[in-house]
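# Task: produce atomic coordinates for the following.
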Amino acid sequence: MLQSRQVDVAVIGSGPAGHVAAIQMIKLGFSCVLIGPAHGGTDGRTTALLGSSVPYLEGLGLWDAIKSEGQALRTMRLIDDTGRLFKAPTTEFDSSEIGLEAFGYNIDNNRLVACLHSALGGLEMSRLIEDQQFASSVALGGDRVHIDMADGTEWNARLVIAADGRKSIVREAAGIEMRKWSYPQAALVVNLHHASTAHNNISTEFHTKTGPFTLVPYRDGFTSSLVCVVTADDAERLKAMEPAALALELERRAHSIYGAFEVISTPQIFPLSGVMAKEFHGPRAALIAESAHAFPPIGAQGLNLTLRDISTLADVIREDGINDPGSEEVLVAYDRMRRGDIWSRTAGVHMLNMSLISSLPFGQGARTAGLALANMVPTLRKFMMKAGLDAPGRIGWTSAAMKKHQPKL
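Coordinates of the predicted model:
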């Protein structure tokens, strides 16, 4: 006989987004199942947690553990390495200019998931269940969501939160179409040790003709994570190099700003593309993270945008959905409130990327002029820093909230 279990909320997807969503729902007082296999610990990428992500995670009781595993990002340095006629000036954005000790922290994705998973143990276990297998199908509609599991069991929930990525079975069940696009680029991701020179909590982004080459503080003062955006062929060529040869090539591309490199992780390649759902909700379903939106790893926006998905959904549920978190009223309001942030952030990342790889002078000139003005006009520079940290409607809120919740470094 089919085993059917009941919860208030089901979260499908056991990555960082799914973990935070489950924790948030438990904090709201709901029973919750987190569906998805245990994390494999093989993700070589890192995540920069910026802006309102810090006080939000602190409010959930998660920030101290995450902060202890990460590296502070105090300065963002942009260097024009395109070799083009109109060269943008080197620009540094210092967090102290907007009253912050740091813009945020960069953390290894494997350690981030470990921190979040550990936090599950501190929750009221009678209201949280982990089902570490894949969901096989989802049926939406009526007053319940029906989720069939790989082992033949079933979950029923009043709300399902889709954190199950670009191939989301929840989004497919809702019949929501996706806008999809791709870029002629791929990101080579690898972690580096540079024994001779400390990064001093500076994130350095070289703007090149093929995309950003970004070094971000990693596990200590002498390690950095690298996202090197190049053509797909060049990414494969770099990945095939012996570690010592790759280290020399990456040092050359970094103009030896940190001296000699040592490769300390296996290089990984991620083709650059973007997707956006035409709607962010379906019947009794809320789409978050890559089930709703995804774009290239430029500007450290991905998980920060996702955390705003979750916090917005929580705000709407507190206001109108405590009695029924999956009601149409809640989900329509969530969809409406997320559109501006998601659209503007996606467009911003797209335009920055295209300004680097396009041969058209207009985009190159706009980027150059923008950075030149940022160097000359402190008010504009501060606005750009705040805009990079949060949603357009929350820019004025960022500084006050971050000052209030800023951890001591």
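
# Please name every helix or strand in contact with the longest strand anywhere in the chain.
For the chain, the longest strand by residue count, based on DSSP state E, is strand 178-193. Judged by 3 or more C-beta pairs under 8 Å, 6 or more residues apart in numbering; DSSP states H and E, the packing partners of strand 178-193 are strand 211-217, strand 223-230, helix 232-240, helix 243-253, strand 262-263, strand 268-277, helix 328-357. C-beta coordinates here come from the backbone N, C-alpha and C atoms, glycine included.

# what's the angle from the third one to strand 268-277?
With axes from the mean of the first three to the mean of the last three C-alpha atoms, to 10 degrees defining the directions, helix 232-240 sits at 140 degrees from strand 268-277.

# Could you list the low-pLDDT ranges of the stretch 51-200 of the chain?
Low-confidence segments of the stretch 51-200 of the chain, defined by pLDDT under 70: 85-86, 124-125.

# What segments of it are helices?
Assigned helices in the stretch 51-200 of the chain, in chain order: 53-59, 63-69, 109-120, 169-174 (criterion: DSSP state H, counting those that start in this stretch).

# mind putting the helices and strands packed on strand 178-193 in TSV, distance to residue 21, mean pLDDT and mean neighbour count included?
Listed next are the helices and strands packed on strand 178-193 as TSV, based on distance: least, C-beta to C-beta, whole Å; pLDDT from 0 to 100; neighbours: other C-beta atoms under 10 Å:
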stretch	distance to residue 21	mean pLDDT	mean neighbour count
strand 211-217	25	95	24
strand 223-230	25	96	24
helix 232-240	32	98	15
helix 243-253	36	98	16
strand 262-263	35	98	17
strand 268-277	16	94	17
helix 328-357	12	88	17
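
# Nearest to residue 318, out of these?
Evaluated over the helices and strands packed on strand 178-193, closeness to residue 318 peaks at helix 328-357, with 10.1 Å, by C-beta to C-beta.

# could you say what helices and strands that closest one packs with?
Applying 3+ C-beta pairs under 8 Å, 6+ apart, we find helix 328-357 packed against strand 178-193, strand 211-217, strand 268-277, strand 281-282, strand 285-287, helix 302-316, helix 361-376.

# Could you measure from residue 161 over to residue 288?
Using C-beta to C-beta, to the nearest Å, residue 161 is found at 6 Å from residue 288.

# Have a look at these two and say which one is more surrounded.
More crowded of residue 161 and residue 288, by other C-beta atoms under 10 Å: residue 161, with 32 against 29.

# wait, isn't the more buried one in contact with residue 8?
No. Residue 161 is not in contact with residue 8 according to C-beta atoms under 8 Å; the separation is 11.1 Å.

# what touches both of those two?
Counting by C-beta atoms under 8 Å, 6 or more residues apart in numbering, the contacts common to residue 161 and residue 8 are residue 25.

# just to revisit the earlier point, any chance of the helices and strands packed on helix 328-357 in CSV with distance to residue 244 as columns?
Shown next, in CSV, are the helices and strands packed on helix 328-357 (distance: least, C-beta to C-beta, whole Å):
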stretch, distance to residue 244
strand 178-193, 13
strand 211-217, 19
strand 268-277, 19
strand 281-282, 51
strand 285-287, 44
helix 302-316, 32
helix 361-376, 35
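
# how deep is residue 175 tucked in, by neighbour count?
Residue 175: 10 surrounding residues under other C-beta under 10 Å.

# and what of the one 4 residues further on?
If you count neighbours by other C-beta under 10 Å, residue 179 ends up with 11.

# who does it bridge with?
Beta-bridge partners recorded for residue 179 (DSSP bridges): residue 276.

# what about it, distance to residue 136?
In this structure, residue 179 and residue 136 are 27 Å apart, going by C-beta to C-beta.

# Also residue 65?
Noted for residue 65: a distance of 33 Å to residue 136, by C-beta to C-beta.

# quick one: which of those two has more around it?
More neighbours surround residue 65 than the other of residue 65 and residue 136, with 17 against 13 (other C-beta under 10 Å).
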